[in-house]
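A.B. asks: Sharing a model that was predicted from the sequence below.
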Amino acid sequence: AQKVTQAQTEISVVEKEDVTLDCVYETRDTTYYLFWYKQPPSGELVFLIRRNSFDEQNEISGRYSWNFQKSTSSFNFTITASQVVDSAVYFCALSEAGLTGGGNKLTFGTGTQLKVEL
Amino acid sequence: GAVVSQHPSRVICKSGTSVKIECRSLDFQATTMFWYRQFPKQSLMLMATSNEGSKATYEQGVEKDKFLINHASLTLSTLTVTSAHPEDSSFYICSASRGLRETQYFGPGTRLLVL
């Protein structure tokens, strides 16, 4: 069975600070996908990134960066120079590369509420 | 892009009535759509997976007669909450995927309040 753990329930930072959101996962599959989604107060889940298990290269997109380490089963997300608009709940999710159906089930973590204050 | 819409965004209904929620993929064909439920300050709970043209697969504990799902085309799936009761009040979110091992893109969600 797969599992995603986001140990940080809530994080508060002051604007311009860097913040890292932790994500640890468990899976028995050798092929899987990891995701981060952002859920602002409006409720919509915004896709941020998808990573497959064979690609451990870290990725940077503007102020966002992701650190994928298979050795520790972690896929952490860092926001550099945080802004008030970054305030949201962030979900880490895992999908195993099953062979049935179109698209695969996502297992979500419990989410981390990020509050960025002025 | 990958845009998914949901309608309505918010609905208030009386206990005992049925409510239909639509999920549409606007700029791509979705082989599979997923329906989730989210309670306040909690994570998303998968309710069912629907593939175009076939019956939905429900997660354990989700009543299929209560939550009717139809995925009649590659761009539209509907969730009907039948005989809604106050405990069905929740935030319902759909997602759509282009195919096997593809990313799920989420709709904006529907807030249901049953009085």
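C.D. replies: Received, thanks.
A.B. asks: show me where chain A has strands.
C.D. replies: Counting by DSSP state E, chain A has these strands, from start to end: A:3-5, A:10-14, A:19-21, A:24-26, A:32-39, A:46-52, A:59-61, A:64-69, A:74-79, A:88-96, A:107-108, A:112-117.
A.B. asks: how about the shortest one against chain B, any contact?
C.D. replies: If I follow you right, that is strand A:107-108. Yes - contact of strand A:107-108 with chain B (Cβ under 8 Å from any Cβ of the partner chain) involves A:Phe108. Where C-beta positions appear, they are placed from N, C-alpha and C, glycine not excepted.
A.B. asks: Flag the shaky bits of chain A, pLDDT-wise.
C.D. replies: For chain A, applying pLDDT under 70 flags the ranges A:98-103.
A.B. asks: mind putting the strands of chain A in JSON lines, mean neighbour count and distance to B:Ser43 included?
C.D. replies: As requested, the strands of chain A are exported to JSON lines (neighbours: other Cβ atoms under 10 Å in any protein chain shown; distance: least, Cβ to Cβ, whole Å):
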{"stretch": "strand A:3-5", "mean neighbour count": "17", "distance to B:Ser43": "9"}
{"stretch": "strand A:10-14", "mean neighbour count": "13", "distance to B:Ser43": "14"}
{"stretch": "strand A:19-21", "mean neighbour count": "18", "distance to B:Ser43": "14"}
{"stretch": "strand A:24-26", "mean neighbour count": "16", "distance to B:Ser43": "14"}
{"stretch": "strand A:32-39", "mean neighbour count": "22", "distance to B:Ser43": "10"}
{"stretch": "strand A:46-52", "mean neighbour count": "16", "distance to B:Ser43": "16"}
{"stretch": "strand A:59-61", "mean neighbour count": "10", "distance to B:Ser43": "24"}
{"stretch": "strand A:64-69", "mean neighbour count": "17", "distance to B:Ser43": "20"}
{"stretch": "strand A:74-79", "mean neighbour count": "20", "distance to B:Ser43": "16"}
{"stretch": "strand A:88-96", "mean neighbour count": "23", "distance to B:Ser43": "7"}
{"stretch": "strand A:107-108", "mean neighbour count": "21", "distance to B:Ser43": "5"}
{"stretch": "strand A:112-117", "mean neighbour count": "17", "distance to B:Ser43": "11"}
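A.B. asks: With respect to B:Gly109, which of those lies nearest?
C.D. replies: Evaluated over the strands of chain A, closeness to B:Gly109 peaks at strand A:32-39, with 9.1 Å, by Cβ to Cβ.
A.B. asks: Would you list the strands that that closest one pairs with, along with their directions?
C.D. replies: Next to strand A:32-39 in the sheet, as set by DSSP bridges, lie strand A:46-52 (antiparallel), strand A:88-96 (antiparallel).
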